[in-house]
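> The sequence and its predicted three-dimensional model are supplied below.
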Amino acid sequence: MTGALMYNNLYIYLFVGLFLLCCGILGLIYRRTLIGMLISMELVMNGAGLNFVAFNRFTSPENADGMAFTLFIMGIAAAEAAIALGIIILIFKRFGHIDSHEIKEMKD
Amino acid sequence: MNLPEIIFILIMFVTMISALVTVLSGSVIYAMIGLVATMFGIAGLYVYLNASFLAMMQILIYVGAITILIAFAIMLAGPFYKRPKEWSTTAKLAASFVLSLFSFAVFFKVIMRTPWMNTKAQEFTIATKDIGRLLFDKMTLPFELISLLIVVSIIGAIMLALLSKGEK
């Protein structure tokens, strides 16, 4: 921790990323609507992106690989959201609700 | 404690509290608003990490695009009374808390145990120009594959919509 500045410390950013990951896991299990689960998934992806940028800043400051990977994560998240929302609207048209507990046709 | 540090702590707390709001709030609309606040907080953290281009991209893509998509899905997915309540059984709540706290403990220990090299802050002079050069020099194939992936997902979403129309 040089200069005792708080924002120049790798562990702070790793801690925030870990907190986002745990919030995402909590939401993925706890939420019942499919949209809520999708929102929790976005939290997990953002935690991963924050970790990439923090590692790029602190452990290899001479190249920009981590930032490029965060851009890729954003693109993948956009594609995932588009597909997932199409599926959610299709499920709503067929079943009339988006409760993840009631969609069990393939399980029975 | 100087001003940038106070702002940093503020941004960190906004990020974490709005992440909790996103997960634990009762309605999906509140979860979406919490997601917007979390994205703004992460953009602020990117600014502190000397990645201002990524901060702009974060606001543009997440707040501008993905949240609008989610808002449309919430509006299209029926009225409020048809939606299930978010509170399910207490056992499930306990199970989700136990699992997330367990993973938090495990990863916290991993972070603290691992000896990261050069964790001290150094000179950081990566500009937006370097990211662009990297994307078109070393990572050309992943870059093109990402664009292909987005095209395929858009066509897939349109096909899903057409499929549901053709059935009726």
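Thanks, I have the structure now.
> Please count neighbours and contacts with C-alpha atoms only from this point.
Noted.
> Excluding covalently adjacent residues, which one is nearest to residue A:49?
residue A:70 (5.0 Å; CA to CA, 6 or more residues apart in numbering or on different chains).
> Okay, helices next: where are they in the chain?
Just going to use chain A. Remark: helices assigned in chain A by DSSP state H are A:10-30, A:34-59, A:65-95.
> if you could check chain B rather than the one you did, that'd help
Using DSSP H, helices in chain B cover B:3-24, B:28-48, B:52-58, B:67-76, B:90-113, B:128-137, B:140-167.
> Present those as TSV; the columns should include mean neighbour count.
Formatted as TSV, those follow (neighbours: other CA atoms under 10 Å in any protein chain shown):
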stretch	mean neighbour count
helix B:3-24	18
helix B:28-48	22
helix B:52-58	18
helix B:67-76	16
helix B:90-113	14
helix B:128-137	14
helix B:140-167	14
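> In JSON lines, list the ones you listed along with distance to residue A:59 and mean pLDDT.
Formatted as JSON lines, the helices of chain B follow (distance: least, CA to CA, whole Å; pLDDT from 0 to 100):
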{"stretch": "helix B:3-24", "distance to residue A:59": "21", "mean pLDDT": "92"}
{"stretch": "helix B:28-48", "distance to residue A:59": "16", "mean pLDDT": "93"}
{"stretch": "helix B:52-58", "distance to residue A:59": "18", "mean pLDDT": "92"}
{"stretch": "helix B:67-76", "distance to residue A:59": "32", "mean pLDDT": "88"}
{"stretch": "helix B:90-113", "distance to residue A:59": "14", "mean pLDDT": "90"}
{"stretch": "helix B:128-137", "distance to residue A:59": "17", "mean pLDDT": "88"}
{"stretch": "helix B:140-167", "distance to residue A:59": "23", "mean pLDDT": "86"}
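> Which among the ones you listed is found nearest to residue A:48?
Distance to residue A:48, taken as CA to CA, is lowest for helix B:28-48 among the helices of chain B, at 11.4 Å.
> Would you mind giving the domain segments of chain B?
B:1-84, B:128-168 (automatic domain parsing).
> These into CSV, with extra columns for distance to chain A?
Shown next, in CSV, are the domains of chain B (distance: least, CA to the nearest CA, whole Å):
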stretch, distance to chain A
domain B:1-84, 5
domain B:128-168, 5
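> now these as JSON lines including distance to residue A:32?
Formatted as JSON lines, these follow (distance: least, CA to CA, whole Å):
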{"stretch": "domain B:1-84", "distance to residue A:32": "7"}
{"stretch": "domain B:128-168", "distance to residue A:32": "23"}
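> thinking again about what came up before, want to throw the helices of chain A into a markdown table with distance to residue B:50 and mean pLDDT?
Below are the helices of chain A laid out as a markdown table (distance: least, CA to CA, whole Å; pLDDT from 0 to 100):
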| stretch | distance to residue B:50 | mean pLDDT |
| --- | --- | --- |
| helix A:10-30 | 13 | 91 |
| helix A:34-59 | 8 | 91 |
| helix A:65-95 | 11 | 88 |
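> export those helices to CSV and tack on mean neighbour count?
Shown next, in CSV, are the helices of chain A (neighbours: other CA under 10 Å):
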stretch, mean neighbour count
helix A:10-30, 23
helix A:34-59, 22
helix A:65-95, 19
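> wait, isn't residue A:85 in contact with residue B:75?
No - counting by CA atoms under 8 Å, residue A:85 stays clear of residue B:75, with 11.6 Å between them.
> Now do the same contact list for residue B:50.
A:57, B:124 (CA atoms under 8 Å, 6 or more residues apart in numbering or on different chains).
> contacting residues for residue 40?
Using chain A here. So residue A:40 contacts A:23-25, A:27-28, B:22-23 (CA under 8 Å, 6+ apart).
> my question was about chain B
B:15, B:58-59, B:63.
> Give the single residue among these positioned nearest to residue B:142.
residue B:58 (19.6 Å).
> From the centroid of chain B, which residue is nearest?
A centroid search over chain B (CA atoms, centre = their mean) returns residue B:39, at 6.3 Å, as the residue closest to the centre.
> Now do residue A:28 against residue A:46, distance only.
15 Å (CA to CA, to the nearest Å).
> Likewise for residue B:95?
With CA to CA as the criterion, residue B:95 and residue A:46 are 24 Å apart.
> and residue B:51, how many residues sit next to it?
Neighbours of residue B:51 under the rule other CA atoms under 10 Å in any protein chain shown: 22.
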